[in-house]
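Okay, here's the prediction I keep looking at, along with the sequence it came from:
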Amino acid sequence: MKQKRIFCINDAKIYDSITSAAQYYNIARSSISKQLMGIRPSAGGRYFIYIDNEISADDLKKIRKEMLEKIYSIYF
């Protein structure tokens, strides 16, 4: 099974898998997985989305900006 890449909205880092992001942030894989499925609002205070290999840097910047605006409007 091919792993999906994920993007951390908080710091704009891209990971090849949930496992690599979980190891980097010291967050349980299940927390990230549940956040990606919409079961949890965040994983260790971080927000992730799945991304395609073909997504451009400009598209990621736009998505990040939109997501951060949503997050901040909810919590602040």
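Looks like it arrived, so ask away.

Where does the prediction get shaky in the protein?
Low-confidence segments of the chain (pLDDT under 70): 1-2, 74-76.

for it, which residue is closest to the average position?
The centroid of the chain falls nearest to residue 48 when counting by CA atoms, centre = their mean (1.3 Å).

Can you tell me the SS state at the closest residue to that residue other than its chain neighbours?
Nearest non-adjacent residue to residue 48, counting by CB to CB, 6 or more residues apart in numbering: residue 6, 4.9 Å away. C-beta coordinates here come from the backbone N, C-alpha and C atoms, glycine included. Judged by DSSP: H, G, I helix; E, B strand; the rest coil, the three-state class of residue 6 is strand.

Mind listing the residues bridging to residue 6?
residue 15, residue 50 (DSSP bridges).

count of residues packed around it?
Residue 6: 22 surrounding residues under other CB atoms under 10 Å.

Any idea how far the longest helix belonging to the chain is from the middle of the chain?
Criterion DSSP state H: the longest helix present in the chain is helix 57-75. Remark: helix 57-75 is offset 11 Å from the chain centroid, using CA atoms, centre = their mean, to the nearest Å.

Which residues does it contact?
7, 9, 12, 14, 47, 49, 51 (CB atoms under 8 Å, 6 or more residues apart in numbering).

and if we set it to 6 Å?
9, 12 (CB atoms under 6 Å, 6 or more residues apart in numbering).

List the buried residues of that helix.
60, 63-64, 67 (16 or more other CB atoms under 10 Å).

same thing with stretch 33-41?
33, 35-36.

can you check stretch 4-18 too?
Neighbour counts using 16+ other CB under 10 Å place 5-10, 15, 18 of stretch 4-18 among the buried residues.

and stretch 19-26, C-alpha only, in CSV?
This file holds the C-alpha atoms of stretch 19-26, laid out as CSV (Å, rounded to 0.1, in the frame of the first residue of the first chain):
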residue,chain,number,x,y,z
THR,A,19,4.9,7.6,11.0
SER,A,20,7.6,10.1,10.0
ALA,A,21,5.5,13.1,11.2
ALA,A,22,4.7,11.3,14.5
GLN,A,23,8.3,10.6,15.1
TYR,A,24,9.4,14.1,14.3
TYR,A,25,6.8,15.7,16.7
ASN,A,26,6.7,12.9,19.2
